[in-house]
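Q: model the structure of this input:
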Amino acid sequence: MPEEGPNKTSERMVTRRASMARLDSGDYQLHDELTESIEDSNRSWYKEAVFYEVYVRAFCDGNGDGFGDLRGVTSRLDYLANLGVNCIWLLPIYPSPLKDDGYDISDNKDIHPHYGNIEDFKTLVNAVHERNMKIIADLIPNHTSDQHHWFKASRAQKENNPYREYYVWTDDPVKYKDARIIFTDTEKSNWTWDEVAGQYYWHRFFSSQPDLNFDSPKVQEEMLDIMRFWLKLGIDGFRVDAVPYLFEREGTNCENLPETHEYLKRMRKMIDVEFPGKILLAEACQLPIDVREYFGDGDEFHMGFHFPVMPRIYMTLKNGDYTKLKQILMDTPDIPKECQWVTFLRNHDELTLEMVSPEERKWMWEVYSPDPRQRINVGIRRRLAPLMDGDRRKIELIHSMLLTLPGSPILYYGDEIGMGDNIWLEDRNGVRTPMQWDPVDSHAGFSSAPKIYVPIINSDHYNSTRVNVNDAIKDPSSFYNILKHMIAVRRKHPSFGMGKLEWIDSGDLGIASWFRFRGNDKMLVVSNLTEQPRRVFIDIPSKFAPRGCDFVTDVYTGFRHAIKGRKLEMSLRPYEFFWLDCNPAEAMACYHSM
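A: Purely as a prediction, here's the structure:
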């Protein structure tokens, strides 16, 4: 990964990185034990898992046609297993006009020809499971493409047409006027006139994506049958797209309606009865108090994205103040014990700023996307490494926060090697460029085709000569290897996946400190959020204080930090962080050989 910003690495950081990179096979004992704990017999595997988002078109081209495909993903599974990924999430792979990168589906029970066929999908699923990993896929219940055979049939005639009720039609384009427009850059209304049908149809997203009518029992059954089709092929669950918008009611904003929850509970019941052990992940870009409803009483979704925590992590780093991050997590309600939040730093869409105030959004645009081309809708279309100015210290710190705060983390393909973006590509395509595998091949090892779907990144800082998988794997101090070790350490400590969170006030807003704890596993995370050295004094609560010794242990180096009367005194360099084990028995057993 290139070092675009200031990055004078301290001697201590060099030592820490060297120690992290020396993780030998003996250090994986607890890691391997946890791998066993996430087999099918343990249906809570998702609560401790690290997910990896795969944009199939961009990942690897297995047949040389210029597009990534399922064969390509299968060929690179060992790479993901080596990183420590537990579950891969496939973005849409279904037949589609690709006006919205596959979220505009024209056939829900097949594979897009660019990506392969059903047999390729079966091969991928089997290969994933052979490596003790899981695989989930996108389910898009809210809408289809306007090229879907249902919609074509629906618009053909109004009377005596069984497909007419599959979509939402009206003569009155003012209906549901309280529903907001989501894609403000392109859409002026949630209704679009159709000449053939002679009516307006409803769409919460692009006008090429008509919404399905979930008031129709036929549509409800169709969606359950689509789920059954893919679950029978062996996938481990779904990331369910745009769940708040399934139903419409006059006088409401048409989001989070009781009817929506009623149907989603039915969806979950089908899963539990017919496919026990499979999971549902809710994509609802809402405040935590609203997303909480999608867990129900443990009878709706297993998991839900925590959208508001993501922009506040970025605020925290830019401000050098953890106040807003702490507040959103304190405002996050408890969820049923069998459920889990999902967190992320970047994904295939824009870095959404829906869940911040207008003033905060304006500030985020100014500091993270000064060029208007870097903005889209109410978000930022940039990748993680450029957002961090290519500064390894900040990139490591922001991943430390992701891996140690509550929730199961999702990594976005390419972020583990520090890939850049291309703001000159339209829409969100600038953060969906081909994976950079090799430094010498003309297409960075992505494809053998003469021409590929979009160019490889060729900027000075992020071209494939400087940023690629091959070099990252070979370099013990690369971010890839640091992240690999961070994931392995996280898997040794169940408190990070399933433990509780308690903030510790050091008296310095530039030092974020929190405990994650579960049973005897007690981990203290201390992070310097600023570009200045800091000296910190932390009073360790008695319930977390090590018993029988006067130190805590840095899990990366095995270095012991002395505690005097439950007071911990530490010096942290700019953007430095520590994961400190407060269980002396575990610490000494784990690090005695170092």
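Q: use CA for all of it now, contacts and neighbours both
A: OK.
Q: I'd say H143 and L212 touch.
A: Yes. Using Cα atoms under 8 Å, H143 is in contact with L212, at 5.1 Å.
Q: distance from stretch 155-170 to the middle of the chain?
A: Centroid displacement of stretch 155-170 relative to its chain, using Cα atoms, centre = their mean, to the nearest Å, is 37 Å.
Q: so what touches that stretch?
A: 150-151, 153-154, 194, 196-197, 199-202, 210-214, 216, 218-219 (Cα atoms under 8 Å, 6 or more residues apart in numbering).
Q: go on, stretch 356-365?
A: By Cα under 8 Å, 6+ apart, stretch 356-365 touches P308, P311, M315, L353, R375, V378, G379, I380.
Q: now with 7 Å?
A: If you take Cα atoms under 7 Å, 6 or more residues apart in numbering as the criterion, stretch 356-365 is touched by L353.
Q: equivalent analysis for stretch 435-454, please.
A: Residues contacting stretch 435-454 (Cα under 7 Å, 6+ apart): 58-61, 64-67, 414, 433-434, 456, 464-465, 467-470.
Q: state the next helix or strand along the chain beyond the helix or strand hosting V367.
A: Per DSSP states H and E, V367 falls inside helix 358-368. Later in the chain than helix 358-368, the nearest helix or strand by DSSP H and E is strand 375-376.
Q: center of this structure, which residue is that?
A: I410 (3.4 Å; Cα atoms, centre = their mean).
Q: strands of the stretch 101-250 of the chain, residue ranges please.
A: 134-139, 169-170, 191-194, 199-202, 237-240 (DSSP state E, counting those that start in this stretch).
Q: ok so, going back, mind giving me the ChimeraX select for the contacts of stretch 155-170, buried ones only?
A: Buried members of the contacts of stretch 155-170, defined by 16 or more other Cα atoms under 10 Å, are picked up in ChimeraX with:
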select :150,151,154,197,199,200,201,202,210,211,212,213,214,216,219
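Q: off-centre distance for the longest helix seen in the chain?
A: Longest among the helix segments of the chain by residue count, using DSSP state H, is helix 258-274. How far helix 258-274 lies from its chain's middle: 24 Å, per Cα atoms, centre = their mean.
Q: buried stuff in that helix?
A: T260, H261, Y263, L264, K265, M267, R268, I271.
Q: now the second one: closest residue in space that isn't a chain neighbour?
A: The shortest distance from H261 to any residue other than its chain neighbours is 6.9 Å, reached at Y294 (Cα to Cα, 6 or more residues apart in numbering).
Q: that neighbour is in contact with E300, isn't it?
A: Yes. Assessed by Cα atoms under 7 Å, Y294 is found in contact with E300 at 6.0 Å.
Q: looking at the two, which is more packed in?
A: Y294 (28 against 23; other Cα atoms under 10 Å).
Q: for the host helix or strand of V291, the distance to its chain's centre please.
A: Using DSSP H and E, V291 sits in helix 288-291. Centre-to-centre, helix 288-291 and its host chain are 18 Å apart (Cα atoms, centre = their mean).
Q: burial count for the nearest residue to D215 once chain neighbours are set aside?
A: Distances taken as Cα to Cα, 6+ apart put F247 closest to D215, at 7.1 Å, once the chain neighbours are dropped. Using other Cα under 10 Å, the number of residues around F247 comes to 22.
Q: return the residues in contact with F247.
A: F247 neighbours (Cα under 7 Å, 6+ apart): F214, C254, L257, E259, T260.
Q: can you add pLDDT and distance to V50 and give those residues back as JSON lines?
A: Output for these, formatted as JSON lines (pLDDT from 0 to 100; distance: Cα to Cα, whole Å):
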{"residue": "F214", "pLDDT": "98", "distance to V50": "33"}
{"residue": "C254", "pLDDT": "97", "distance to V50": "33"}
{"residue": "L257", "pLDDT": "97", "distance to V50": "31"}
{"residue": "E259", "pLDDT": "98", "distance to V50": "32"}
{"residue": "T260", "pLDDT": "98", "distance to V50": "29"}
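Q: so which of those would you say is closest to Y368?
A: C254 (32.0 Å; Cα to Cα).
Q: wait, what's in contact with the closest one?
A: A179, Y245, F247, E248.
Q: sorry, back to before: can you pull the buried residues of the helix holding V367?
A: R361, M364, W365, Y368.
Q: same thing with stretch 274-282?
A: For stretch 274-282, by 16+ other Cα under 10 Å, it's F275, G277, K278, I279, L280, L281, A282.
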